[in-house]
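**Student:** mind folding the following:
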Amino acid sequence: MAPETAKEQNSFPERILAVSGKSRKRFLIAQASLRVLAFVSALIALSVMLTSDESIVLFGINFRAHYSYASAFRFLLGADAVVCGFSLLSLILLRLVSRSGSNPRNYFFLFLHDLAMMVLMISACAAGTAIGYVGRYGEEKMGWVALCNRVTRFCNQVSVSVVFSYLAFFCYLALTITFVHKLSSHPLE
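**Tutor:** Residues are numbered from 1 along each chain as shown. Here you go, the predicted structure:
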């Protein structure tokens, strides 16, 4: 019975935190910094996408380009909003988990959160990139013409929004990698 108790004490979350105070502090600072950067990136992407709007007159007809006309851009906007909000919540959760005396198993929930946010962001970025590519270059075989030569400001704003969304994705990718690295530097027995 005693070997099982010792094994339970060296379980997955406890091994991650069983490091020196300096290493743990660096880990927590990196986690907090990446979460703040993801929040700021998603907020900028959200703001830029919300303000992307341009109207032109072509052959006497008024045309308007707006993010809400493309479902992929609406999805990207929604994903940015979710990531922005959940990044703030994860900062609060990180603070609660990092307190001494809290259950180290809660780090696993942060890992799952980061993984879910990463997958959400890459899917939204892929959708936004695909529609943005078609808007910028067209698709000749399908008969879709490029629109960005007519609504340049709109296309540039959408491009900036997609770039900041990718930055938020890379922040969450880095968060998951740091967690896995921390786990691999203290492997389970």
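
**Student:** for the longest helix seen in the chain, the averaged confidence score.
**Tutor:** Scanning the chain for the longest helix, with DSSP state H as the assignment, gives helix 152-185. Here the mean pLDDT over helix 152-185 is 90, rounded to a whole number.

**Student:** ok, stretch 34-51 next?
**Tutor:** This predicted structure assigns stretch 34-51 an average pLDDT of 95.

**Student:** re the thing from before, buried set for the longest helix of the chain?
**Tutor:** Of all the residues in helix 152-185, those buried under the rule 16 or more other CB atoms under 10 Å are 154-155, 157-159, 161-162, 164-176, 178-179, 182-183. (C-beta placed from N, C-alpha, C; glycine too.)

**Student:** do the same with stretch 84-98
**Tutor:** For stretch 84-98, burial by neighbour count (16+ other CB under 10 Å) applies to 84, 86-88, 90-91, 93-94, 97-98.

**Student:** do the same with stretch 128-144
**Tutor:** Within stretch 128-144, the residues that qualify as buried are 128-129, 131-132, 134-136, 138, counting by 16+ other CB under 10 Å.

**Student:** lowest pLDDT pick from these?
**Tutor:** Among those, Gly138 has the lowest pLDDT, at 81.

**Student:** right, and that residue touches Trp144 too?
**Tutor:** Yes: the criterion here is CB atoms under 8 Å, and Gly138 meets it with Trp144 at 5.2 Å.

**Student:** which ones among the buried residues of stretch 84-98 lie within helices?
**Tutor:** 84, 86-88, 90-91, 93-94, 97-98.

**Student:** gap between Phe164 and Leu91?
**Tutor:** From Phe164 over to Leu91 the distance is 19 Å, taken as CB to CB, to the nearest Å.

**Student:** what sits up against stretch 34-46?
**Tutor:** 76-77, 80-81, 83-84, 87-88, 90-91, 94, 117, 160-165, 167-168, 171-172, 174-175, 178 (CB atoms under 8 Å, 6 or more residues apart in numbering).

**Student:** could you pull out the strands in this structure for me?
**Tutor:** Secondary structure of the chain (DSSP state E): strands located at 53-58, 61-66.

**Student:** if anything else comes up later, I'll come back, but that's it for now.
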